[in-house]
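>>> Can you look at this prediction? I've put the sequence above it.
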Amino acid sequence: MPNAGTSGHAAGGSASGGTAPAVGGAGGTSNGGGSSASGAAGTAFNPKQGQIVFSQLYSSGASTRPGLAASFSNSSVAVTPGCEVFEADGCRVTVCDGTSAPVPIANPSIGPITVTSPNVTGSAVLKPAADGTYASPQIAFDAGFIGQETLVFSAPGAEVPAIDEQLLMPLALLRSKPFVDNSNLRTTVLVPRSADLELEWTRGAPDVLMLVAGSSARADGNPGTASLYCEFESTPGAAVVRRSLLERLQTTASLRTLSVGSKTISAGAYNVRLATVFEVYDATKTFPVSQTIQLYDP
């Protein structure tokens, strides 16, 4: 099993449909407390936005799989009636009633997206469908990524103008709290919903985020879902997910922590967020701990 951030590259491979995890859009996550209902008016910021996300994550056992995903919109938010958003300290939980369909939004295209690296031979290509949506990337690299490789994002442009930008794959953040020995790649640590979740890690860097995410059925037993999403600047090396948000997830919900390199660029009138996503490792850089946190009620 590769150590995180050591010399050399882990075994590579190819994929025809790698899936990159969801990362917040160009608008980011706001800080502060309170709640707000998602209404038809949406959130007031530049409605022309998009994101391109390249990832390398463990899919099963000790194997890794790259992923590439993208989306663009002319709407500030994909409004879903019946959803309510609760926010605190860089995190939000979106609680939906599960009965209302999202309001359709336009899907502009930037054309075929290609991701390459001068450090690893190969490429990832993602082509738009007729409706402007992106799915089923074609990915083939000769080796895996271990962190700090340069990735080049390019697209010829369509409704969204062309881009040619670079972003580093982040070094894996090293999480020490909550601690878990995941050397068998199947261990979880139980954390109570009734207390704030304290996180600590090392190797934070500018433009690298600690992402925390999870979803479950609603905790109140009503139909629908609850989804947690947090972005924390990594340089402080610590963050807290508030109890008030955790309690909106169902007990036994699993949380995922990820290392995310991120920058937002302008492509004409569009704000486009580029992201590179990697695992979070233990403090000794030996094994991934990204998917090891599970909520419970003491």
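Looks like it came in fine.
>>> I figured Val120 hits Phe141, correct?
Yes: at 5.2 Å, Val120 and Phe141 qualify as touching, with contact defined as C-beta atoms under 8 Å. Any C-beta I mention is one placed from the backbone N, CA and C, and that applies to glycine too.
>>> My guess is Ser244 contacts Ala88. True?
Yes: with contacts counted by C-beta under 8 Å, Ser244 reaches Ala88, the gap being 6.0 Å.
>>> Which one's more surrounded, those two?
A count of neighbours by other C-beta atoms under 10 Å puts Ala88 above the other of Ser244 and Ala88, at 20 against 16.
>>> how close does the more buried one get to Thr225?
19 Å (C-beta to C-beta, to the nearest Å).
>>> And stretch 266-285, what's buried?
Under the neighbour-count criterion of 16 or more other C-beta atoms under 10 Å, stretch 266-285 has 267, 270-282, 285 buried.
>>> quick one, what contacts Pro288?
By C-beta atoms under 8 Å, 6 or more residues apart in numbering, Pro288 lies in contact with 4, 58, 172, 182, 185, 279-282.
>>> For those residues, point out the one with the lowest pLDDT.
Within the set of the contacts of Pro288, pLDDT is lowest for Ala4 (56).
>>> Please list all residues in contact with the closest residue to Pro223 other than its chain neighbours.
What sits nearest to Pro223 in space, not counting adjacent residues and going by C-beta to C-beta, 6 or more residues apart in numbering, is Gly98, at 4.4 Å. Counting by C-beta under 8 Å, 6+ apart, Gly98 touches 82, 218, 223-225.
>>> Check what pLDDT Gly98 gets.
For Gly98, the model assigns a pLDDT of 80.
>>> Show me what secondary structure element comes after the helix-or-strand element of the chain with minimal mean pLDDT.
Between all helices and strands in the chain, the lowest mean by mean pLDDT, DSSP states H and E belongs to strand 35-37, at a mean of 32. Per DSSP states H and E, the first helix or strand lying C-terminal to strand 35-37 is strand 49-60.
>>> Just name whatever secondary elements that next one is in contact with.
Secondary-structure packing of strand 49-60 (3 or more C-beta pairs under 8 Å, 6 or more residues apart in numbering; DSSP states H and E): strand 63-73, strand 113-116, strand 150-155, strand 270-278.
>>> Ser136: which of the ones you listed is closest?
Ranking those by proximity to Ser136 (C-beta to C-beta) places strand 63-73 first, at 9.8 Å.
>>> Please compute how far the closest one lies from its chain's middle.
Relative to its chain's centre, strand 63-73 lies at 10 Å (C-alpha atoms, centre = their mean, to the nearest Å).
>>> Repeat that for stretch 113-131.
18 Å.
>>> Could you dump the helices and strands packed on strand 49-60 into CSV with mean pLDDT added?
Formatted as CSV, the helices and strands packed on strand 49-60 follow (pLDDT from 0 to 100):
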stretch, mean pLDDT
strand 63-73, 91
strand 113-116, 98
strand 150-155, 98
strand 270-278, 97
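>>> What is the nearest of the buried residues of stretch 266-285 to Thr251?
Minimum distance to Thr251 across the buried residues of stretch 266-285 is 23.1 Å, recorded for Val280 (C-beta to C-beta).
>>> which ones are touching the residue lying closest to Gln250 once chain neighbours are set aside?
Nearest residue to Gln250, sequence neighbours excluded (C-beta to C-beta, 6+ apart): Ser216, at 3.9 Å. Contacts for Ser216 were tallied using C-beta under 8 Å, 6+ apart; they are 225-226, 249-250, 252-253.
>>> cool, Ala70 as well?
Residues near Ala70 by C-beta under 8 Å, 6+ apart: 50-53, 110, 113, 126, 134.
>>> can you rerun that using 6 Å?
Neighbouring residues of Ala70 by C-beta atoms under 6 Å, 6 or more residues apart in numbering: 52, 113, 126, 134.
>>> Any idea what it is bridged to?
Ile52 (DSSP bridges).
>>> between the helix or strand hosting the residue nearest to Gln250 and strand 270-278, how big is the angle?
For Ser216, the enclosing helix or strand under DSSP H and E is strand 208-217. For strand 208-217 against strand 270-278, the angle by axes from the mean of the first three to the mean of the last three C-alpha atoms, to 10 degrees is 90 degrees.
>>> what lines up beside strand 208-217 in the sheet?
Here strand 208-217 is paired, per DSSP bridges, with strand 225-233 (antiparallel), strand 254-267 (antiparallel).
>>> Now do the longest one against strand 63-73, angle only.
By that I understand strand 254-267. 50 degrees.
>>> mean confidence score for strand 254-267?
Strand 254-267 carries an average pLDDT of 97.
>>> could I get the helices and strands packed on strand 49-60 as JSON lines with distance to Ala238?
JSON lines is the format used below for the helices and strands packed on strand 49-60 (distance: least, C-beta to C-beta, whole Å):
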{"stretch": "strand 63-73", "distance to Ala238": "27"}
{"stretch": "strand 113-116", "distance to Ala238": "32"}
{"stretch": "strand 150-155", "distance to Ala238": "28"}
{"stretch": "strand 270-278", "distance to Ala238": "20"}
